[in-house]
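Undergrad: attaching a predicted model along with its sequence, questions to come.
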Amino acid sequence: MIVTLSAANSEFLANLSNINARIVQDQSEVSSGLALQNVSDEPDEVSAVLQLDARIANNNQIGDNLGQVATEVNAAEGALEDASNLMNDATQLATEGSSNLTGGASDQQLALEVKNLITQMLGLTQTQAQGRYVFSGDSDQTAPYVAVDLTQANGLGPYQGSADTRTIQHPNGSTFSVSMTAAEIFDSGGASTSVLQSLTGLYNALNSGSATAIAAANSNISTASANLNGSLAQYGNFQSEVSNATTYQGQLNVQLQAQLSVLQDADEATAITDMQENTTAQTAALESHAALPNKSLFDYIG
């Protein structure tokens, strides 16, 4: 026997199904905190949500990159601080070598101390951060200089790195440079401006015992120190740029998250109220339907 539903029963079941669906939706919004959970919920807003998700992911990646760069820039800046101190020590040695109180034996001892400064300077050029030689330009897996070689004009030999074309992306879409090479910082120009060449020149002058040569080397040390301090100031600028970009990235992330929240977050209070109303309507509908007479015509035929 095929049982068919009356029009009234069919309508009742359809309405009850709609109420149940709204209750389930309200429960889901309250538990997840999201109003937009399926494409069918708000088809027109899905594209905007996906675009925001992509922008947030990209912004977070930029933030991670900035964090890594900050570590590298800070390491480089610290190395240049130490290098500047070494140049101050070189100035003291040069001044001592230029005085009338020193003799040949003293000059030889001072030369050995300058050689030690060159060795320390080599170590600073080889500064690493997160597995990268920070002063080797694009060849960041290669040390910029290999060893001390006082037969060379710069006391170390040829620069082993490469040019620096590396830039970091700002959250606003622009890019900026955050590094310099060891060749630019420690060996730019000639003997009168290069940190390495001026130190090597001082070493040779002290070994020669020539007061005139030592005085000239002292002057070169002074000029090279000023150039080095210029590089140190540039790294201070790099630090500021990275810090500002990081702050911008954090603020942008807050803005993007707020926009995403507007699109997909549920109004919990409204969802709870709606769920309570639908639950009450569901109960009332079931009770009302249960109270309806359910006898057919045949029940009244004797």
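TA: Yep, it's here. Residues are numbered from 1 along each chain as shown.
Undergrad: list of residues touching stretch 135-154?
TA: Residues from elsewhere that reach stretch 135-154, judged by Cβ atoms under 8 Å, 6 or more residues apart in numbering: 76, 79, 115, 118-119, 122, 125-127, 131-134, 155-157, 159-166, 179-183, 185-187, 191, 194, 196-197, 200, 203-204. All C-beta atoms are positioned from the backbone trio N, CA, C, and that covers glycine.
Undergrad: so which of those residues sit within helices?
TA: Among these, the members found in helices (DSSP state H) are 76, 79, 115, 118-119, 122, 125, 182-183, 185-186, 196-197, 200, 203-204.
Undergrad: filter those to the buried ones?
TA: 76, 79, 115, 118, 122, 125, 182-183, 185-186, 196-197, 200, 203-204 (16 or more other Cβ atoms under 10 Å).
Undergrad: tell me the contacts of Asn253?
TA: So Asn253 contacts 56, 59-60, 63 (Cβ under 8 Å, 6+ apart).
Undergrad: swap in 7 Å and give it another go.
TA: 56, 59-60 (Cβ atoms under 7 Å, 6 or more residues apart in numbering).
Undergrad: may I ask which of those has the most neighbours?
TA: Highest neighbour count within those: Asn59, with 19 neighbours (other Cβ atoms under 10 Å).
Undergrad: follow-up on the earlier one: pick out the most distant pair among the buried ones among the ones in helices among the contacts of stretch 135-154.
TA: Ala76 and Asn204 (29.0 Å; Cβ to Cβ).
Undergrad: what are the boundaries of the helices in this protein?
TA: 7-32, 43-98, 104-125, 182-186, 195-208, 211-264, 268-290.
Undergrad: can you list the ones you listed in a markdown table and add mean pLDDT and distance to Gly173?
TA: Formatted as a markdown table, the helices of the chain follow (pLDDT from 0 to 100; distance: least, Cβ to Cβ, whole Å):
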| stretch | mean pLDDT | distance to Gly173 |
| --- | --- | --- |
| helix 7-32 | 59 | 33 |
| helix 43-98 | 93 | 10 |
| helix 104-125 | 93 | 34 |
| helix 182-186 | 98 | 27 |
| helix 195-208 | 97 | 37 |
| helix 211-264 | 95 | 11 |
| helix 268-290 | 60 | 36 |
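Undergrad: any chance of these in CSV, with distance to Leu150 too?
TA: CSV is the format used below for the helices of the chain (distance: least, Cβ to Cβ, whole Å):
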stretch, distance to Leu150
helix 7-32, 70
helix 43-98, 15
helix 104-125, 7
helix 182-186, 16
helix 195-208, 6
helix 211-264, 14
helix 268-290, 74
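Undergrad: tally of neighbours for Asn237?
TA: So Asn237, with other Cβ under 10 Å, has 12 neighbours.
Undergrad: show me what contacts it?
TA: With Cβ under 7 Å, 6+ apart, Asn237 has no contacts at all.
Undergrad: if we go to 10 Å?
TA: Residues near Asn237 by Cβ atoms under 10 Å, 6 or more residues apart in numbering: 73, 176, 178.
Undergrad: wait, which of those is closest to Leu232?
TA: Using Cβ to Cβ, those come closest to Leu232 at Val73, 11.9 Å.
Undergrad: so the closest one sits right up against Arg166, yeah?
TA: No: the criterion here is Cβ atoms under 10 Å, and Val73 misses it with Arg166 at 11.6 Å.
Undergrad: which one of these two has more residues nearby?
TA: Using other Cβ under 10 Å, the more surrounded residue of Val73 and Arg166 is Val73, with 25 against 15.
Undergrad: can you tell me how far that one is from Ala48?
TA: Noted for Val73: a distance of 36 Å to Ala48, by Cβ to Cβ, to the nearest Å.
Undergrad: for Tyr133, which non-adjacent residue is closest in space?
TA: Asp140 (5.2 Å; Cβ to Cβ, 6 or more residues apart in numbering).
Undergrad: likewise Arg132?
TA: Asp140 (4.1 Å).
Undergrad: check Met87 too.
TA: Ser225 (4.2 Å).
Undergrad: now swap in Asn88 and tell me
TA: Ser225 (7.3 Å).
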